[in-house]
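[1] Sequence first, predicted model second:
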Amino acid sequence: MVIPLPPPVLSLVIPVFNEGSDISKNLQTIISAAFCGEDKPMEVIAVDDGSSDNSVATILSITQTDHRIRLIELTRNFGKEAAIHAGLAAARGNAVIILDADLQHPPELIPQMVELWTRGVLVVEAIKVNRGRESLLSKFLSHLFYSLFYFFTHLNIRGLCDFKLLDRHVVDTYLAFPENQRFFRGLIGWSGYPSARIPFKVGTRQGSGGSRWSRFRLLGYAIDNITALSSLPLQIVSWTGAFSLLLGIIIGLISLWQKCQGIALDGFTTINLLIVIIGGTILMGLGIISHYLRRIYEEVKGRPGYLIKPRSNRKHKQ
C-alpha cells in the first residue's frame, strides 16, 4: 500500500516568459531565499507562458536535479493572468506565493510573508514603495489608472502587484470564480479577506530585455481590468444620455421662445452643436456597450482561459 505524501507547506508559483538566459540562476536564488537556506516542505511551480526561447528546456534540466521544481507548459502565450491561474490550479501547498521570475519581486520577503501567514493572516500582499526609473508620463498614466480604478470599483490597489501570499482557503475560493477573464489583483482585493501589507522597493530586472508592454497594450489592459470589476461605465452612458436629452430640451425651449419673440436666429451653430453633442454621446455609449458585449461574448463561449501541453510532450523534449 502506497501512503500518499502530505502536501507541501508552501507553493511558489512563478510565471515565466522568455526568461531562458537567467531562469536557472533566478530559480535557485528564489529557493535559497524562501526559507533562508533551510530545507522545508516546498514546491516551485514554473508556469511557462508560451516562451519562444530556451526557457522550457532550461527549466526541464533543473527539474532533473531539484525535484521541488515542477514545470507547467502552456500551449501558447495566454498572458500572465492565465499563467497565474494555471499555477494556482496546480499548487498543492497550504499557502501559495506568486512572484515574478526576474527577481523584481524580492524573494527575501518570503520568510516574512510566511511568518505573517502562520499568525493567521490569509492574504499577505507586497506593496511597491517605489517603481524604479520611470518617466513622468509613465508615472502620470499609472496614477490615472489607479485613480480611475478606485473611482469605478471602490478598490484601492495602488502600489499593489501580483507578489502575494494566499492561504489555501483563498486559493480555493479564487479558483471557484466562474469567469475566465480575470484580474488577479482586483479579485483578491474584491474578496476582502484579512490581509497584511509589506512594503518593498522594486529590484533590478534580472533577465533579457525590458518591459514587453506597449502603451496601447497597457491601455487595453487597464480598460479590461476596470470593466471586469465594475458596471459603472454602463451607468455613465445612461447619465450622459440623460444630460444630452436635458441639454437638447433646454436649447429647444430657448429656440421656441426666441421664435415666438420674433428674434432672428441663425440656427447653424445650434444645430452643429447639437449634432456634435448627441453624435459623440451616442458613439461613446455604443463603444462602452460594445466593450461589455465583447466580454460577455468571450465568457459565454466558455473556452478555458489556458491550455496545458500534455506530459508526453514534455518528456519527449527531455
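    Alright, I've got the coordinates.

[2] and Ile110, how many residues sit next to it?
    25 (other C-beta atoms under 10 Å). Any C-beta I mention is one placed from the backbone N, CA and C, and that applies to glycine too.

[3] pretty sure it is in contact with Ala34, am I right?
    Yes - using C-beta atoms under 8 Å, Ile110 is in contact with Ala34, at 4.7 Å.

[4] what sits in contact with each of those two?
    Common neighbours of Ile110 and Ala34 (criterion: C-beta atoms under 8 Å, 6 or more residues apart in numbering): Leu12.

[5] now the helix or strand where Glu115 lies: mean pLDDT?
    Glu115 belongs to helix 110-118 when assigned by DSSP states H and E. Mean pLDDT, helix 110-118: 93.

[6] ok now that helix, how far from the chain's centre?
    23 Å (C-alpha atoms, centre = their mean, to the nearest Å).

[7] start the count at 13, not 1, going forward
    Will do, 13 is the new start, and the previous item becomes helix 122-130.

[8] Mind listing what's buried along it?
    Neighbour-count burial for helix 122-130 flags 122, 125-126, 128-129 (criterion: 16 or more other C-beta atoms under 10 Å).

[9] His166: which of these is nearest?
    Set against His166, the nearest of the buried residues of helix 122-130 by C-beta to C-beta is Leu128 (25.4 Å).

[10] Dihedrals phi and psi, the residue nearest to the spatial centre of the chain?
    Closest residue to the average C-alpha location of the chain: Phe195 at 4.1 Å, with C-alpha atoms, centre = their mean. With angles defined as degrees, to the nearest 10, Phe195 shows backbone torsions of phi -120, psi 100.

[11] Just give the nearest non-adjacent residue to it, would you?
    Excluding the flanking residues, the one nearest Phe195 by C-beta to C-beta, 6 or more residues apart in numbering is Asn237, at 4.3 Å.

[12] Please list the residues outside the one helix or strand the one you found maps to that contact it.
    Here Asn237, judged by DSSP H and E, is contained in helix 227-241. Residues outside helix 227-241 that contact it (C-beta under 8 Å, 6+ apart): 153, 157, 160-161, 164-165, 167, 191, 193-195, 198-199, 202, 225, 245, 303-304, 307.

[13] measure the nearest residue to Phe47 once chain neighbours are set aside to Lys176 for me?
    Closest residue to Phe47 apart from its sequence neighbours, by C-beta to C-beta, 6+ apart: Pro123 at 6.5 Å. Relative to Lys176, Pro123 is positioned 15 Å away (C-beta to C-beta, to the nearest Å).

[14] likewise Thr130?
    Thr130 is 16 Å from Lys176, where distance means C-beta to C-beta.

[15] for Thr77, same thing?
    In terms of C-beta to C-beta, Thr77 sits 29 Å off from Lys176.

[16] repeat for Ile96
    10 Å.

[17] Are there residues contacting both of those two? Which ones?
    Common neighbours of Ile96 and Lys176, using C-beta under 8 Å, 6+ apart, are Ile110.

[18] ok, now which ones touch the residue nearest to the centre of the chain?
    93, 236-237, 240-241.
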